[in-house]
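Trainee: pasting the sequence and the predicted coordinates here, then a few questions.
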Amino acid sequence: MTDPDASESALQQAESEEELKERLERELNELLQELRSLIPGAEVLFGFLLAISFTVEFRQLGNVERYVYYATLLFTGLALVLYLAPAAHHRLRFRGGDKDYLLRKANREVILGTVASSLALTGVIFLVSERVFGVTEAVLASVGFFAFTAWRWWSLALLRAYRD
């Protein structure tokens with residue numbers, strides 16, 4: 001004779017495992033959708049930064065502009081690596097039952113990728129502003145831009161999380 005409580009517990013456990021699998025699959029799909037919007041922007045910026053380094057005007061950059069340009073290029077490359085890392089991990093661990101770990105790791109990578117992207121965009125704002133207006137205006141524009149980005153991308157979400 002079977003224990004009715006044991007079979008009910010086994011059924012509940014099977015249902016919760018299926019719910020976990022469905023939740024992980026949904027979260028992975030959400031992550032992929034987000035990456036589909038982030039990756040192309042970083043790729044275009046990276047390509048643009050590479051292309052301008054081969055122009056005649058690029059040779060006329062001052063030391064500050066060169067350092068900002070190089071940091072901007074590095075931050076853009078870093079953002080791309082971080083955005084693409086979840087796909088590389090998933091390919092290497094495909095069918096490894098690692099989705100929960102993958103999602104936790106990918107979440108951190110995408111957040112760090114947005115930090116790198118914000119720094120890269122800030123660098124672009126500095127470079128363009130410096131060329132158009134001068135160093136003082138470029139510093140003001142880039143600091144203001146970074147503050148706005150931090151507020152829109154992270155502060156509102158963190159504030160809401162704190163309130164919850």
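Mentor: Received the coordinates, thanks.
Trainee: show me where pLDDT drops low in the protein?
Mentor: For the chain, the stretches with pLDDT under 70 are 1-15, 18.
Trainee: where along it do the helices fall?
Mentor: For the chain, the helices defined by DSSP state H cover 4-52, 63-92, 99-132, 135-150, 156-163.
Trainee: how far off centre is the longest one?
Mentor: Distance, stretch centre to chain centre, for helix 4-52: 15 Å (CA atoms, centre = their mean, to the nearest Å).
Trainee: residue contacts, residue 86?
Mentor: Residues counted as contacts of residue 86 (CB atoms under 8 Å, 6 or more residues apart in numbering) are 31, 35, 102, 105, 106, 109, 110. Just so you know, the C-beta spots here come from the backbone N, C-alpha and C atoms, and that holds for glycine as well.
Trainee: how many other residues sit next to the first one?
Mentor: It stands for residue 31. Using other CB atoms under 10 Å, residue 31 has 19 other residues around it.
Trainee: so it makes contact with residue 103?
Mentor: Yes. With contact defined as CB atoms under 8 Å, residue 31 counts as touching residue 103 (6.6 Å).
Trainee: from what I see, residue 141 and residue 131 are in contact.
Mentor: No. At 11.5 Å, residue 141 does not count as touching residue 131 under the criterion of CB under 8 Å.
Trainee: neighbour-wise, which of the two wins?
Mentor: More neighbours surround residue 141 than the other of residue 141 and residue 131, with 18 against 13 (other CB under 10 Å).
Trainee: burial of the closest residue in space to that one that isn't next to it in sequence, as a residue count?
Mentor: Distances taken as CB to CB, 6 or more residues apart in numbering put residue 129 closest to residue 141, at 4.2 Å, once the chain neighbours are dropped. By other CB under 10 Å, the residues close to residue 129 number 20.
Trainee: got a list of what residue 129 touches?
Mentor: Applying CB under 8 Å, 6+ apart, we find residue 129 in contact with 137, 138, 141, 142.
Trainee: do you know how far the third one is from residue 147?
Mentor: By that I understand residue 141. To residue 147, residue 141 is 11 Å away according to CB to CB, to the nearest Å.
Trainee: then the second one?
Mentor: Distance check for residue 138 against residue 147: by CB to CB, it reads 15 Å.
Trainee: is it true that residue 118 touches residue 153?
Mentor: Yes. Using CB under 8 Å, residue 118 is in contact with residue 153, at 6.5 Å.
Trainee: comparing the two, which residue is more hemmed in?
Mentor: More neighbours surround residue 118 than the other of residue 118 and residue 153, with 20 against 15 (other CB under 10 Å).
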